Structures are given as C-alpha cells and as structure tokens.
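# Kindly generate the corresponding structure for this input.
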Amino acid sequence: MKLYKEEIIDHYKNPRKFGELSDRTHEASETNASCGDMIEVYLKIKNGVVEDAAFKGVGCALSTAAASMLMEEIVGKKQEEVKKWDKKKIESLMGEVNPGRVKCIMLPVMAIGEALK
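All right, here's what the predicted structure looks like:
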C-alpha cells in the first residue's frame, strides 16, 4: 500500500513556487508547534486577484506538498474566493488525509488566510 499519492511525493520532492517573491504585496507565516512545520507565504495581489504566489518553509511531505499545490492553484484566483478556502479545498487537491495529519495540510491554508487579512 502506498502511503502517499505519487503527485504528493512529486510536490514534496520538487515543490513548485518555492522561494520568495520580491514584489509581494502580502505575506504571513505559520507554524505547527506539534510537529515543527513552518511556512512563510508570499502573495502578489493586484485589483483583488492573486497574480503570483510563493512559499518558503520546512515541513513534512504533506505540508510541503499542500503548500506547493496551493501556490499553483491560487494564481489567477480572486482574493475573496481564496479567503474562503478550507479543509475541503485542500482535500480536493490532495485527497483525504488521516485525521492526525489534518494540521499538516491546513498549515499553508492558514498562512494564506492570514496573509489575506
């Protein structure tokens, strides 16, 4: 039985949009104290639309893959739409995870939400 889908492993090993955005307009960081995951998100928003997104951080396969997938997904979306993203949104990208690992996949969602406040 495979623990993670191949796509999750690929995003973990080759995270997309990893690094800082020099022309960012919004940023935030979040940590998961229970496991030590840390993430910083950088967003460039113009006229209410996310024009670009990036992240830095250290974390487990799930939190890194979630951040990578979300950074790709967020570009081109309206800021107000993204503010509403929750567990269902990230699970639509990654699939359902063990209840004990929900904090891992929610870390980048929370960071994005904080950046958009």
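
# pLDDT at the residue positioned nearest the centre of the chain, what is it?
Relative to the mean C-alpha position of the chain, the nearest C-alpha, by CA atoms, centre = their mean, is the one of residue 67, at 2.7 Å. pLDDT recorded at residue 67 is 96.

# got it, and residue 17?
Looking at residue 17, the pLDDT reads 96.

# Also residue 61?
With respect to pLDDT, residue 61 scores 89.

# now residue 32
88.

# looking at it, it is touching residue 107, isn't it?
Yes: between residue 32 and residue 107 there is a contact under CB atoms under 8 Å: 5.3 Å. All C-beta atoms are positioned from the backbone trio N, CA, C, and that covers glycine.

# higher neighbour count, those two?
residue 107 (27 against 17; other CB atoms under 10 Å).

# What's the mean pLDDT across whichever strand or helix holds that one?
Per DSSP states H and E, residue 107 falls inside helix 102-115. Averaged across helix 102-115, pLDDT comes to 94.

# on contacts alone, who are the packing partners of it?
strand 26-32, strand 37-46, helix 61-74, helix 87-94 (3 or more CB pairs under 8 Å, 6 or more residues apart in numbering; DSSP states H and E).
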